[in-house]
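K.L.:
pasting the structure only:
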């Protein structure tokens with residue numbers, strides 16, 4: 001599962017600050033109107049109409065509403081990755097001993113929102129569609145055969161799928177009777193989405209998408225009659241909407257969150273950001289000199305102040321500090337850290353970084369660093385302007401790099417341009433996230449899997465954004481994924497940690513979270529420390545599970 005940042009700079013002028021009232025609810029009672037509607041916001045700017053559930057670039061993914069139209073086979077929980085998922089469209093699933101096949105029992109009496117029955121044939125069709133269409137098989141699952149027998153679907157794979165089991169079980173199911181008529185499922189915007197979820201599309205504008213509750217659904221109908229997803233200009237606009245009650249649920253970074261948000265309504269304004277096993281940090285384009293030199297990358301890692309990033313950039317709560325030298329977040333990943341690296345943390349060491357550089361042929365002349373060819377070392381650090389925490393992180397890193405003579409500048413980019421540049425490798429340095437999972441495998445795969453490598457200029461990257469190539473790392477990842485026992489997996493994981501420390505293909509600074517900001521004024525039943533049944537981010541598959549558990553306050 002991927003927990004992503006979804007904040008951006010965009011040019012929306014006036015966004016729906018009056019959306020608290022439930023237009024068309026048929027009620028003159030303001031309190032009744034409030035408890036008919038849930039207002040969800042994301043700071044992602046104007047949206048283009050695209051409801052394709054497989055596309056991470058779609059409006060449905062950006063705002064999260066694809067999660068309440070389309071549903072997964074199993075409801076997994078990134079906050080508790082060691083726990084089995086909840087049965088959803090599948091009531092049971094059984095993996096083979098070698099993890100090369102899974103048999104799913106598909107739930108009866110489920111209907112698509114157009115009234116047609118959802119069956120095992122739809123599930124089989126969906127997996128076959130993923131197999132035949134690499135562009136929507138974003139996790140590069142190596143499908144082999146797909147077969148159906150009654151209400152059971154068996155999917156086999158060319159390699160063991162121990163590391164991908166959550167991704168496979170979380171697969172979104174689409175209706176065969178509609179998707180079989182689509183010419184290109186990787187490009188079709190699906191203007192009239194039909195899913196098994198409890199909501200259907202009512203209206204779409206670049207600023208607000210409205211969904212309405214179905215008349216019937218395979219579970220008890222949610223109490224929330226209407227969902228309104230508003231895309232605000234940036235983090236500040238989103239925070240303002242949360243503070244004044246126009247938005248009730250979001251995933252957004254809020255500097256000085258207590259004064260700006262919580263204290264506006266202490267009884268109801270809540271923030272919950274549980275950590276998960278993923279990291280954020282500085283990805284470097286390792287195909288651009290001199291950042292192809294591991295000595296330079298190690299030296300850069302040695303001068304970055306992770307305490308400042310956490311306290312100043314991440315407001316002391318958003319993304320917790322990661323300082324183990326392996327890049328594995330603790331305590332979540334403590335059990336995976338090799339014995340020789342336990343308790344070993346990164347501290348700022350400018351003099352040590354200078355020695356590292358000198359030994360590798362770099363020269364520090366006054367306050368300017370030159371590489372072994374004599375060229376000054378400069379770097380452009382880029383992130384979308386609206387991602388205020390990342391921009392602060394980059395400003396901190398800029399100052400840190402100056403201590404070893406690296407001239408850095410911070411580019412506050414347009415989100416669409418930045419996304420394309422990251423996807424095609426047209427950048428030097430950027431804060432970015434990794435995938436997360438039940439083990440650190442997903443972190444390391446996101447950073448250094450040669451199987452995910454694509455040359456600079458080629459799009460469609462889903463990991464290894466730094467274009468790092470190391471045959472030993474790719475082999476260790478393959479060994480971990482194909483291991484048949486924990487002992488073999490431990491050997492592979494320890495190799496990956498050694499490579500990470502020595503090569504520093506990216507510089508981890510922070511742990512990922514499954515967080516959310518929400519209000520209990522109109523709705524209660526949200527996940528929290530006492531009941532962590534789901535991550536609180538409204539763009540994850542758990543969004544539908546959360547909405548189903550909400551009740552009027």
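P.N.:
Okay, I see it. Bear in mind that the values here come from a model prediction, so they are computed numbers and not experimental data.
K.L.:
Can you classify residue 278 by secondary structure?
P.N.:
Going by DSSP: H, G, I helix; E, B strand; the rest coil, the secondary structure assigned to residue 278 is strand.
K.L.:
quick one: pLDDT of the nearest residue to it once chain neighbours are set aside?
P.N.:
Among residues not flanking residue 278 along the chain, residue 436 sits closest, at 2.8 Å (C-beta to C-beta, 6 or more residues apart in numbering). Bear in mind the C-beta positions are built from the backbone N, C-alpha and C, glycine included. Reported pLDDT at residue 436 in the predicted model: 88.
K.L.:
so residue 436 sits right up against residue 76, yeah?
P.N.:
No - with contacts defined as C-beta atoms under 8 Å, residue 436 does not count as touching residue 76, sitting 11.4 Å away.
K.L.:
Please identify the buried residues of the helix or strand harbouring residue 479?
P.N.:
Using DSSP states H and E, residue 479 sits in helix 471-482. Under the neighbour-count criterion of 16 or more other C-beta atoms under 10 Å, helix 471-482 has 473, 474, 476, 477, 479, 480, 481, 482 buried.
K.L.:
swap in stretch 451-471?
P.N.:
With the criterion 16+ other C-beta under 10 Å, stretch 451-471 contains buried residues 452-454, 461-470.
K.L.:
Could you export those as JSON lines, including secondary structure and distance to residue 170?
P.N.:
Listed next are these as JSON lines, based on DSSP: H, G, I helix; E, B strand; the rest coil; distance: C-beta to C-beta, whole Å:
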{"residue": "452", "secondary structure": "helix", "distance to residue 170": "19"}
{"residue": "453", "secondary structure": "coil", "distance to residue 170": "25"}
{"residue": "454", "secondary structure": "coil", "distance to residue 170": "24"}
{"residue": "461", "secondary structure": "coil", "distance to residue 170": "21"}
{"residue": "462", "secondary structure": "coil", "distance to residue 170": "15"}
{"residue": "463", "secondary structure": "coil", "distance to residue 170": "17"}
{"residue": "464", "secondary structure": "coil", "distance to residue 170": "21"}
{"residue": "465", "secondary structure": "coil", "distance to residue 170": "22"}
{"residue": "466", "secondary structure": "coil", "distance to residue 170": "26"}
{"residue": "467", "secondary structure": "coil", "distance to residue 170": "27"}
{"residue": "468", "secondary structure": "coil", "distance to residue 170": "27"}
{"residue": "469", "secondary structure": "coil", "distance to residue 170": "29"}
{"residue": "470", "secondary structure": "coil", "distance to residue 170": "29"}
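K.L.:
Rank these by pLDDT and give me only the lowest.
P.N.:
residue 462 (84).
K.L.:
so what's it up against?
P.N.:
138, 139, 140, 452 (C-beta atoms under 8 Å, 6 or more residues apart in numbering).
K.L.:
Weed out the non-buried ones from these.
P.N.:
In those, the ones that pass as buried (16+ other C-beta under 10 Å) are 138, 139, 452.
K.L.:
So, low pLDDT: which residues of this protein?
P.N.:
1-35 (pLDDT under 70).
K.L.:
let's see it at 50
P.N.:
Where the chain drops to pLDDT under 50, the residues are 1-2, 4-32.
K.L.:
three-state assignment of the residue nearest to residue 497 when sequence neighbours are not counted?
P.N.:
Spatially, and ignoring its direct neighbours in sequence, residue 497 is nearest to residue 326 (4.3 Å; C-beta to C-beta, 6+ apart). Under three-state DSSP, residue 326 falls in the coil class.
K.L.:
Residue 326 and residue 342 touch, don't they?
P.N.:
No - using C-beta under 8 Å, residue 326 makes no contact with residue 342, being 9.3 Å away.
K.L.:
These two: which is more packed in?
P.N.:
residue 326 (26 against 12; other C-beta atoms under 10 Å).
K.L.:
residues contacting the more buried one?
P.N.:
Counting by C-beta under 8 Å, 6+ apart, residue 326 makes contact with 337, 338, 341, 440, 497, 500, 501.
K.L.:
out of those residues, which is most surrounded?
P.N.:
residue 440 (26 neighbours).
K.L.:
Dump the contacts of residue 326 into a markdown table; add distance to residue 360 and secondary structure as well.
P.N.:
As requested, the contacts of residue 326 are exported to a markdown table (distance: C-beta to C-beta, whole Å; DSSP: H, G, I helix; E, B strand; the rest coil):
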| residue | distance to residue 360 | secondary structure |
| --- | --- | --- |
| 337 | 27 | coil |
| 338 | 25 | coil |
| 341 | 23 | helix |
| 440 | 28 | coil |
| 497 | 22 | helix |
| 500 | 18 | helix |
| 501 | 16 | helix |
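K.L.:
Greatest separation within the residues you listed: which pair is it?
P.N.:
440 and 501 (13.2 Å; C-beta to C-beta).
K.L.:
how about the buried ones among the contacts of residue 462 in JSON lines, adding distance to residue 330?
P.N.:
Below are the buried ones among the contacts of residue 462 laid out as JSON lines (distance: C-beta to C-beta, whole Å):
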{"residue": "138", "distance to residue 330": "29"}
{"residue": "139", "distance to residue 330": "26"}
{"residue": "452", "distance to residue 330": "26"}
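K.L.:
Identify, from those residues, the entry nearest to residue 55.
P.N.:
Nearest member of the buried ones among the contacts of residue 462 to residue 55, counting by C-beta to C-beta, is residue 138, at 8.8 Å.
K.L.:
my read: the closest one touches residue 56, true?
P.N.:
Yes - assessed by C-beta under 8 Å, residue 138 is found in contact with residue 56 at 6.8 Å.
K.L.:
can you pull the contacts of residue 516?
P.N.:
Neighbouring residues of residue 516 by C-beta under 8 Å, 6+ apart: 249, 250, 251, 271, 272, 273, 526, 535, 536, 537, 538.
K.L.:
how close does residue 172 get to residue 72?
P.N.:
Distance of residue 172 to residue 72, computed by C-beta to C-beta, to the nearest Å: 6 Å.
K.L.:
brain fart, residue 418
P.N.:
Residue 418 is 29 Å from residue 72, by C-beta to C-beta.
K.L.:
do the same with residue 152
P.N.:
In this view, residue 152 and residue 72 are 17 Å apart by C-beta to C-beta.
K.L.:
of those two, who's got more company?
P.N.:
Set side by side, residue 152 and residue 72 show more neighbours around residue 72, with 22 against 17, by other C-beta under 10 Å.
K.L.:
wait, what's in contact with the more buried one?
P.N.:
Applying C-beta under 8 Å, 6+ apart, we find residue 72 in contact with 88, 89, 169, 170, 171, 172, 173, 541.
K.L.:
and if you look at residue 515?
P.N.:
251, 271, 272, 273, 274, 318, 535, 536, 537.
K.L.:
Export those residues as CSV, with columns for secondary structure and distance to residue 308.
P.N.:
Converted to CSV, those look like this (three-state DSSP; distance: C-beta to C-beta, whole Å):
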residue, secondary structure, distance to residue 308
251, coil, 24
271, strand, 22
272, strand, 25
273, coil, 19
274, coil, 23
318, coil, 14
535, coil, 27
536, coil, 27
537, coil, 26
